[in-house]
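> Predicted model and sequence follow; I will ask about them next.
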Amino acid sequence: MSRNYSEFRHLLINRRKQSGSALIIAIFVLVVVLGFGLTLANIVVSSSEAVAYEILGTRAFLAANSGAQQRLNQIFTPGQANLLCDGSPNPATLNFAEQPVDERANTINSAALLECRVQRVACTNFKQDGVVFYRIESTGQCDASGGEVVTRTVVVEARN
């Protein structure tokens, strides 16, 4: 029986020597899990920022598109003669004009395009072989709450 007792005592001594390793393993596991959690949180934050900039970019694109459509509507007004970029009737001369942007006319009243505007609309036209060609370049701009500015430019080409 003394043999069993000595083996049991030997096992108890070995167990006492190993009792601190479980604590070290637990701390290691906690640090690794915390590292994974912080990495995942960083990925989620950067992903949400990317989505926010994508939405702002889309809104700026739509504002630029609205400016180009407005300018096309001024040139190709239904029931009237087509105009040149400077607003004059359609002569047979070359004309390159950039119209100033009226801030009041280019404010877009839409909840989807809040804090967005048409920043610039440029129009060029030329006549060749009796056909007038137009090139309209419109830039839309959206302001983010953090002070960032997102712009998109749309170029539309049309002919008479």
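That came through, no problem.

> Run through the strands of the protein in chain order.
Assigned by DSSP state E, the strands in the chain fall at 95-99, 116-128, 131-143, 149-159.

> Ok, which of those comes nearest residue 28?
strand 149-159 (44.4 Å; C-beta to C-beta). Every residue, glycine included, has its C-beta placed from N, CA and C.

> Tell me the neighbouring strands of the closest one, and mark each as parallel or antiparallel.
Within its sheet, and counting by DSSP bridges, strand 149-159 is paired with strand 131-143 (antiparallel).

> mind saving the C-alpha coords of the strand it pairs with as CSV?
The C-alpha trace of strand 131-143 is given here as CSV (Å, rounded to 0.1, in the frame of the first residue of the first chain):
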residue,chain,number,x,y,z
VAL,A,131,-24.0,69.6,-87.8
VAL,A,132,-23.5,71.2,-84.4
PHE,A,133,-21.7,69.1,-81.8
TYR,A,134,-22.0,69.8,-78.1
ARG,A,135,-19.8,68.7,-75.2
ILE,A,136,-21.1,69.4,-71.7
GLU,A,137,-19.0,68.8,-68.6
SER,A,138,-20.7,69.0,-65.3
THR,A,139,-19.1,68.6,-61.8
GLY,A,140,-21.2,67.7,-58.8
GLN,A,141,-19.9,68.1,-55.2
CYS,A,142,-21.0,66.7,-51.9
ASP,A,143,-19.8,67.8,-48.5
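
> Where do the helices of the protein begin and end?
2-18, 21-75 (DSSP state H).

> Comparing those, which comes out most buried?
Highest mean neighbour count among the helices of the chain (mean count of other C-beta atoms under 10 Å): helix 21-75, with a mean of 14.

> okay, the angle between that one and strand 116-128?
Here the directions of helix 21-75 and strand 116-128 differ by 50 degrees (axes from the mean of the first three to the mean of the last three C-alpha atoms, to 10 degrees).

> Who are the packing partners of helix 21-75?
strand 116-128, strand 131-143, strand 149-159 (3 or more C-beta pairs under 8 Å, 6 or more residues apart in numbering; DSSP states H and E).

> Noted, bye for now.
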